[in-house]
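[1] Predicted coordinates and the sequence they were generated for:
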Amino acid sequence: MYQLEEKIWFWALGIIPVIILLFLVLQFWRYRAQNKFADKNSLKRLSPNRSVFKGVLKVVVLSLAFLCLAIALVNPKVGTKLETVKREGVDIVFAVDVSKSMLAEDIAPNRLEKSKQLVTQIINNLASDRVGIIAYAGKAFPQLPITTDYASAKMFLQGMNTDMLSSQGTAINEAIKLATTYFDNAEQTNRVLIIISDGEDHSEASTAIAESASTDEGIRIFTIGVGDVKGGPIPEKRNGVVLNYKKDNQGETVITKLNEETLKSIASAGNGVYINGKNTKSVVDEIRDILNAMDKTEFEAKEFADFKDQFQWFLGFGIFFLLLDIFLLERKTGWLKKLNLFNENL
């Protein structure tokens, strides 16, 4: 297990392509200038020890130096001690709708990105609860099993998009069915399923399945609606540019609307509540109050308790490559002449 302490310093890696570009520009300028001064044979007699390979090697070494120094600034840490700790919390599974209707921009920036923001903020306000993630459209797909690793949860969450499932539609019943397999029957924890969707459910069975999951599995189901009841078109984009809007078989622009009634009925059947997702802070506060009111169940979790800095290794290599670059001269050495790289001795 590793951690990156100062990710902002990854921007320093942008120096490397600048170095390579400057080297190429310099080589091109030097080539043109030398050709104006003398022909190729004369240049070889005037500068017999000039080496193309050593110039390339210096750029590679300098790039490696900046790479190591940038990583040193990021300060990667490696977990060295795995401990089993006892924690108290609730098991929460997030079911995120990734159907094409979630691309509608009736809520900024669009329904799917708003859903990601909501889940991220909820996770940021958790203490010791376990979380899992499900993606669903026409079918449901397990994205992340129950875990206490919030960083991984947010990473998997950001990778979700409307192209990850080929089966289109919105089948909330499939997400509920899959969620029932997430919870460990050996550990009778409090179980929560939070469905984030626009409510355009294409299945008639969702309410019945939600009631069954609540009664038989003890899962409380909460729903968060994203979108606007007035609706909006579904943009079709390429490279971030809107090319068209999705149309039906009659050539009419499809208007997708937030269906709060479906989400309310599912939440009611699942012994939960429906929350409108327009205001992120209100959603986070309400979910936090609901979770705090629940009894916390003790469970065991394995986690890395001791992380050690690793920046010193990269700092050392960075300094080594910088010193190596200083002592590398752009001329042939004895061993390089014997190798005859790039036919330089001809």
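    Good, I have the coordinates.
[2] So for the one helix or strand residue 157 maps to, what gets flagged as buried?
    Using DSSP states H and E, the secondary-structure element containing residue 157 is helix 150-158. Across helix 150-158, burial judged by 16 or more other CB atoms under 10 Å covers 153, 154, 156, 157. C-beta coordinates here come from the backbone N, C-alpha and C atoms, glycine included.
[3] Compute the number of surrounding residues for the residue nearest to the second one when sequence neighbours are not counted.
    So that's residue 154. Leaving out its chain neighbours, the residue that sits closest to residue 154 by CB to CB, 6 or more residues apart in numbering is residue 120, at 5.6 Å. Taking other CB atoms under 10 Å as the criterion, the count of residues near residue 120 is 17.
[4] care to break this structure down by domain?
    Each structural domain of the chain that the record assigns through automatic domain parsing is listed here as a residue range: 2-75+310-343, 83-302.
[5] and the ones you listed as JSON lines, adding mean pLDDT?
    Rendered in JSON lines, the data for the domains of the chain read as follows (pLDDT from 0 to 100):
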{"stretch": "domain 2-75+310-343", "mean pLDDT": "77"}
{"stretch": "domain 83-302", "mean pLDDT": "89"}
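[6] which one of those domains is the most hemmed in?
    Per-residue neighbour counts averaged over each of those give the maximum for domain 83-302, namely a mean of 18 (mean count of other CB atoms under 10 Å).
[7] still on that earlier bit, which elements pack onto the helix holding residue 157?
    With contacts defined as 3 or more CB pairs under 8 Å, 6 or more residues apart in numbering; DSSP states H and E, helix 150-158 has these neighbours: helix 111-124, strand 130-136, strand 140-147.
[8] Save these as a markdown table, and put in distance to residue 25 too.
    A markdown table is the format used below for the helices and strands packed on helix 150-158 (distance: least, CB to CB, whole Å):
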| stretch | distance to residue 25 |
| --- | --- |
| helix 111-124 | 40 |
| strand 130-136 | 46 |
| strand 140-147 | 46 |
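[9] Which of those sits closest to residue 222?
    When the helices and strands packed on helix 150-158 are compared for distance to residue 222 using CB to CB, the nearest one is helix 111-124, at 10.5 Å.
[10] Please name every helix or strand in contact with that closest one.
    Using 3+ CB pairs under 8 Å, 6+ apart as the contact test, the elements touching helix 111-124 are strand 91-97, helix 150-158, strand 191-197, helix 280-293.
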